[in-house]
Each structure stands twice: as C-alpha cells, then as structure tokens.
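A.B. asks: here is the input, now give the coordinates:
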Amino acid sequence: MRRVARAGARTSLVFLALCAVPAAVHAEGGGPDIQPAHQASAPPNIIRWDHNGSIMRLDRAAGTITYEEPKPSISKTIAPGTVLFRGTLKDGMLTGKAHVFKKGCDPAPYTVTGSFQPEQHMFELNGAAPRWKGCKVVGTNPSSANSRLVFRSLGEHVDGQGRSITSVFTEGSGKHCKDLSGPDDGQNIDFAQWTCTGPMGKRIDYDHYDLRENVTIQSAKGKDHFQPPIANFNGLLNGGRIEWRLRDGKPFAAIFDQEFQSEYPTQVGITVVTRVDDLESCRIAYIDRSLPDARQRALDAADNAAVFRCGVDAPMRVGHLDLMMLQSEEGVDEKITSGDALHAGYGPPTTWDEPPDYLPVHAKEPAMRIYEKSGLGTASALAKARLTRKDAEAWCEQWRPDSDPATCASEVQAEFGGQEFMARADCVVGTITAVDGENYIYAGIWLGGDGKGRTRWRHVGRGEILDTSNAANGLGISTQWEALCPGMRRPAHHKSGE
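C.D. replies: Take a look at the predicted model:
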C-alpha cells in the first residue's frame, strides 16, 4: 500500500537551492487535449511561452508575440502564426497593440504595456480590452479577461546529459476525462470524482468533496505513494490544468495550482509539484504563489524530482504556508498545522466504555435511536434503530432553529419515522455493514484532526479510505463501530501495538 512521507524526514539538499522568478497564472478555460511545447532550438531572440494553454513565440527583435500552437478551443478562430501583440521593448518595458479575436470579425486592437526581462519566467501585458456588440467595438473593459494577458515560460532547456526538457499541458475536463461520480441521487451535492489521461497514459484522479479538491497522479508502472489532500477548504485553479515536465518526451513531474483558506476570508495560492516518473509518484513541493520567484522554484523542484526519495524525504514547503494543513492516511499531520479546518458531524463517545446509543445515517440527518442490540463486541454484532419524536425535535432545534418546532418535528418523522435502520459488525475481523447497506473494512486509526483516536474505514467496493468530511461520512461509520464494538479502537485480531 501507499506510504506517507515521514514527519521530520530530511528534505533533499538539492531542493534547498531552488531559485528565482514570478508565478502568476491566468486561464480562460480551453480544450482538453494535450498541448505540446517543442524543445528549445529557436534563435536567442525567439522564446516559447504558454498563454492560457496556447504556445506562443516571442520575437524580441521583431517585437511580436504570435500564436505558434493555438489551444484546441480557439483553433477554429486563431490560426498558427497569428499576431497577438506587436510593439517595442525599451528599458525593460513592452508597449504596443494586442488584439482580441472573435470568429467572423476583424481583430480588435488595444493598447497594452508590461515589464519584461529576458531572465523572467513570467510576464504580463495589461490594458483596457475592447467590448464587442456583434463585430463592432463599442467601448473598453479594464477588468475583462483580455485586459490581463499572462505569459509563462515553458522552462525549456537541455540537461547536462543532452536530454531535452520540455512542458506539455492537459486540462481538467474534456474528452480525455471520464466522470466517476455515479448517478446523482440528490444527496451528495458537494461531491464529484473524475479521471483524466495525461501524456503516455498517466492517470489523473480528481476529487471534489466538502469544499475541498485534490489531484492524485498515478505513475502507471511504479509505486504510487499517498498524495495528501489539503485539509483546509480549498479549490483547484485554472480548471485543474496540469503542466507536465518531460525529459526526451517522457513525463517525470507534474505541476498544478490550488488555493486554500487560511484564515477566513483569506485565500492563499500554492503551486503543487509531484514526481510522476515510471518508478513512483509522490508530492515533492508546495510553493507559495505570491513569491516573486514561485514559477522558477516550481520548475526547479520539478526538474530535480529524480533525486527526491518518495516515502523518505519530506515534501518541501516554500513561503508563507504555516496554516496549510495536509491530511495523511492517518489523519491531519499535527506537526505541521496550527488549528483544525476539518469539520465532521459527529463527536467521539464520552469514554470508550460508554458506547453511543444511536446510529448516525449521514451528516446533517437525524440520528436514529438504538432500540435493539445483540452480540456487541463479537463477530456478530447487531444494532437496530429508529427515529424517536424526541430526537426529531432535537434535530430541528439544531438544524432548523427558525422553523416551528412542532411542524419541523412532524415533517422529519414523516420522512424517517417509519423506517428501521440496522448495522452489523464483525468486531473480530474488523468489518462493518453500515446503515447505508455498504460494506467497509478497518483501515487503522486517525492520528489527528476531528477523527483523532478513532477508527478509519475503507469502502470494500471502491477501495477508498473515507475521510472525515461530512460528504464522506467517515466519522459516521466510526460512530456505528463504536456502538457495535464498544471500547474497541481496533478489531480483536489486530495486535494492540499496531
């Protein structure tokens, strides 16, 4: 199984030397196909850049930025060789005319300017962009997407062994992706899973749950180490777009951007770097995107991925990421957190000798009072439960405080009152059939976060470990285990020292 990088493990010395340059990302969507960046064999005055998924050529001598490979979503409007910008470079400033394109219309020029240095890995041009009405320009808009044109270096070079280092990009949606969420039952409105294919068949798994998102990249042939989700509320940037670093055409690292909530309402942007060669995959760096040299640091971390020892070296953190919390397979790593952003709907029992007298159905739904139980703590533990009027009233007081208590309780009883809920567990082996009818198997103890000290569970069919979010209901399964197997932090056949 996957291993988590040990807390306190060394950070490879190569990563301590990471250096120079801005990181800002701007995306306006784009097609799903892999967009190649060719190796850097161009003259010194022509440099290739990424612009929202299109590959651009910057000719400093001619003062032009042209589309070399327009991304698929605009390829029917913009042809290769089309000039996006024409102007001059003087005293480190690019000034001139950029163009907005609309199918069937003439390009609309507008004035833009921005600073540029040859050693930069990112630059932008800014100016009030035209507003269209049909094919007629009727004004300008200083806050439109086209008013800020961002260009990122593809970091192309040849390494010490003469191998070409390039980048390609894949989007987080499109024909190369498949939805794994299953049918919409109206219950998990904040839950989605999908998978996409990267270069050379690399698999990218995307997860969205409980206001959190994560990307897991499979190495295809080697060992896939646990790639920890961010425990804070977070989201992917640029639609989950991934930059792949290739060595002679073979992917060896991946880069994507996220932002997380540190202290409400503050959002912190980060760049995540992952090793993804044929040997193994794992996280190797988290970089604060507000740093002026974040882009270069990400490229340097990616290009040195081969020296990072997955499962041994600790992922590097660069910048102001003190409040970023990572969830490991055992829970939140408390050694690198300050606070707890996880939220779950259930608390642990008062003591392990006082099992709960209810079975939770799901977060934000009424708990069902146990009225019959047998075989507790054995291989045939059973509990039956149903909704009582008192529990319906208590639920209404907590979740619908502004409603009429009697009316609310009657409505809840009408929905749940006629049902019987049952859970079974084998307290010896460590399996449970929960009230949702699904089967789960014991997967260890949560070492931190809301689930600290409690059991964690793996879904038998899907193979995934349930986290402690409301959507996953992991702590709901823990509570059912505590009711069926009182006082047992682990199944009887597991050694106490596990």
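A.B. asks: next one: phi and psi at E69?
C.D. replies: Backbone torsions of E69, given as degrees, to the nearest 10, read phi -140, psi 90.
A.B. asks: beta-bridge partners for it, please?
C.D. replies: For E69, the beta-bridge partners under DSSP bridges are I55.
A.B. asks: okay, now it: neighbour count?
C.D. replies: Residues lying near E69 (other C-beta atoms under 10 Å) number 17. Every C-beta, even on glycine, is put in place using the N, C-alpha and C of the backbone.
A.B. asks: W132 and N141 touch, don't they?
C.D. replies: No - taking contacts as C-beta atoms under 8 Å, W132 lies outside contact range of N141: 9.9 Å.
A.B. asks: per-residue confidence averaged over stretch 427-443?
C.D. replies: Taken as a whole, stretch 427-443 has a mean pLDDT of 86.
A.B. asks: CA atoms of it as CSV?
C.D. replies: Extracted in CSV, the C-alpha atoms of stretch 427-443 (Å, rounded to 0.1, in the frame of the first residue of the first chain):
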residue,chain,number,x,y,z
CYS,A,427,-15.6,-6.9,15.8
VAL,A,428,-13.0,-9.7,15.5
VAL,A,429,-12.0,-9.3,11.8
GLY,A,430,-12.9,-5.6,11.5
THR,A,431,-15.7,-5.3,9.0
ILE,A,432,-19.0,-3.4,9.2
THR,A,433,-22.2,-3.3,7.1
ALA,A,434,-23.4,0.2,7.9
VAL,A,435,-26.9,1.6,7.9
ASP,A,436,-26.4,2.7,4.3
GLY,A,437,-26.1,-1.0,3.3
GLU,A,438,-22.5,-0.6,2.2
ASN,A,439,-19.6,-2.7,3.4
TYR,A,440,-16.4,-1.3,5.0
ILE,A,441,-13.2,-2.7,6.4
TYR,A,442,-11.0,-1.4,9.2
ALA,A,443,-8.1,0.7,7.9
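A.B. asks: buried stuff in it?
C.D. replies: Within stretch 427-443, the residues that count as buried by 16 or more other C-beta atoms under 10 Å are 427-428, 430-435, 438, 440-443.
A.B. asks: pull the distance from that stretch to the chain's centre.
C.D. replies: Relative to its parent chain, stretch 427-443 has a centroid offset of 28 Å by C-alpha atoms, centre = their mean, to the nearest Å.
A.B. asks: same check, this time on stretch 175-184
C.D. replies: Relative to its chain's centre, stretch 175-184 lies at 17 Å (C-alpha atoms, centre = their mean).
A.B. asks: cool, stretch 402-417 as well?
C.D. replies: How far stretch 402-417 lies from its chain's middle: 38 Å, per C-alpha atoms, centre = their mean.
A.B. asks: pLDDT below threshold where in this protein?
C.D. replies: For the chain, the stretches flagged by pLDDT under 70 are 1-46, 118-120, 158-160, 182-190, 220, 263-265, 327-355, 363, 447-449, 492-498.
A.B. asks: skipping its backbone neighbours, what lies nearest the spatially most central residue of it in space?
C.D. replies: Residue closest to the average C-alpha location in the chain (C-alpha atoms, centre = their mean): N214, at 2.4 Å. Nearest residue to N214, sequence neighbours excluded (C-beta to C-beta, 6 or more residues apart in numbering): P229, at 3.9 Å.
A.B. asks: can you count the residues close to that neighbour?
C.D. replies: By other C-beta under 10 Å, the residues close to P229 number 20.
A.B. asks: cool, and G162?
C.D. replies: By other C-beta under 10 Å, 7 other residues sit near G162.
A.B. asks: dump the residue contacts of it.
C.D. replies: With contacts taken as C-beta atoms under 8 Å, 6 or more residues apart in numbering, G162 has no neighbouring residues.
A.B. asks: does E280 touch G222 like I think?
C.D. replies: Yes - counting by C-beta under 8 Å, G222 is a contact partner of E280 at 4.4 Å.
A.B. asks: tell me the first helix or strand C-terminal of the host helix or strand of A302.
C.D. replies: Assigned by DSSP states H and E, A302 falls within helix 294-303. Using DSSP H and E, the helix or strand that follows helix 294-303 towards the C-terminus is strand 316-318.
A.B. asks: who does that following strand pair up with?
C.D. replies: Applying DSSP bridges, one finds strand 316-318 paired with strand 280-288 (parallel).
A.B. asks: quick one: contacts of the partner strand?
C.D. replies: Residues outside strand 280-288 that contact it (C-beta under 8 Å, 6+ apart): 5, 15, 23, 217-219, 222-228, 253, 268-275, 294, 297-298, 301-302, 305, 308, 310-311, 313, 315-321, 324.
A.B. asks: measure the residue nearest to the centre of the chain to L484 for me?
C.D. replies: Distance, N214 to L484, by C-beta to C-beta, to the nearest Å: 31 Å.
A.B. asks: list the contacts of the strand or helix carrying the residue nearest to the centre of the chain.
C.D. replies: Using DSSP H and E, N214 falls within strand 212-217. The contact list for strand 212-217 (C-beta under 8 Å, 6+ apart) reads 198, 202-207, 224, 227, 229-236, 240, 242, 254, 256, 258, 272, 274, 276, 281, 469.
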